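Visitor: My questions are about this predicted structure, shown below with the sequence.
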Amino acid sequence: MARLRPRRLGLWLLGGVAALALLVIGGIWIYIHLIEGPAPAPLSLKSSTSASAGTASATGLTGTWRVASGSIVGYRVDEVLAGQNNVAVGRTSAISGSMTISDTTVTSASFTVQMATIHSDQSQRDAQFNGRIMDTAAYPTGRLTLTSPIALGTIPASGVITTYHVAGNLTLHGQTKPVTFTLRAERTTGGIEVSGSIPVVFANWGIANPSFAGFVTTQNHGQLEFLVKFAR
């Protein structure tokens, strides 16, 4: 019987490890799905009006429009946390910049984000973001600059959402790369609102993959999402 004791001890240890693993995974599942809840919805315009040709005059759009209060920029990355699917979202309202419109053309636009102000719902994730991933001390800002004019065509009426194709330069982690994406724009009673997202492959900007110590794994890309409001 004495010979069985080491084997029994090993079985007990294996059983204990398995039980602990199940407890950890179960705890994470409960936290993600029951306590933390779903990630915030993607940033988007709220109007339900379909895009259509309008009769509004372009005269009221000509001039410089600056980023206004209520603007939000952030990231969205799919991650696996101890075997549980999750969506990591971080956001900030610390965005500045402007766009210039001449008649029916956006002739220039440039925006700057203070990277260290981007926060998620997890302080540990934010510490990784500010440190080894984005190194916000060395690279404190992100920047998007329009590189080609945007032809607005027939100016839609207020409340109508229209989609446009955009080309620009995106600066992240000290590196600037060309990007193309689509955005949705809407004239409102208070000004202009635009929303959209830009796919970002981390390696293209020299950004470390957010995966951490085998506990959190992510895809090699994410989305930079934005909802920007403009006023005179």
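Guide: Received, thanks. Owing to the predicted nature of the structure, the values given are computational and were not obtained by experimental measurement. Numbers count the residues shown, from 1 in each chain.
Visitor: so who does the most centrally placed residue in the chain touch?
Guide: With distances taken as C-alpha atoms, centre = their mean, the residue of the chain nearest its centroid is residue 75 (2.0 Å). The neighbours of residue 75, taking C-beta atoms under 8 Å, 6 or more residues apart in numbering as the test, are 88-90, 118, 200, 222-225. The C-beta positions use only the backbone N, C-alpha and C, and glycine is treated the same way.
Visitor: The host helix or strand of it: how far from the chain's middle?
Guide: Under the criterion of DSSP states H and E, residue 75 resides in strand 72-81. Its chain's C-alpha centre and that of strand 72-81 lie 6 Å apart, by C-alpha atoms, centre = their mean, to the nearest Å.
Visitor: hmm, who's touching whichever helix or strand comes after that strand?
Guide: Sequence order places strand 84-92 as the next helix or strand after strand 72-81, per DSSP H and E. Defining contact as C-beta under 8 Å, 6+ apart, one finds that strand 84-92 is touched by 25, 28-29, 32-33, 38-40, 72-80, 113-114, 117-122, 125-126, 129, 210, 218.
Visitor: could the contacts of residue 75 go into TSV alongside pLDDT?
Guide: As requested, these are exported to TSV (pLDDT from 0 to 100):
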residue	pLDDT
88	93
89	97
90	97
118	98
200	98
222	96
223	97
224	98
225	98
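Visitor: Of those, which is the nearest to residue 168?
Guide: Minimum distance to residue 168 across those is 11.5 Å, recorded for residue 224 (C-beta to C-beta).
Visitor: OK, contacts around the residue nearest to the closest one when sequence neighbours are not counted?
Guide: Nearest residue to residue 224, sequence neighbours excluded (C-beta to C-beta, 6 or more residues apart in numbering): residue 198, at 4.4 Å. Taking C-beta under 8 Å, 6+ apart, we find residue 198 in contact with 144, 170, 179, 181, 223-226.
Visitor: could you redo the last one with a cut-off of 7 Å?
Guide: By C-beta atoms under 7 Å, 6 or more residues apart in numbering, the contact list for residue 198 reads 170, 179, 181, 224.
Visitor: So which of those belong to strands?
Guide: 170, 179, 181, 224 (DSSP state E).
Visitor: In space, what's closest to residue 79 - neighbours in sequence excluded?
Guide: That would be residue 218: by C-beta to C-beta, 6+ apart, it lies 4.5 Å from residue 79.
Visitor: Looking at the contacts of residue 75, state which has the most neighbours.
Guide: residue 222 (24 neighbours; other C-beta atoms under 10 Å).
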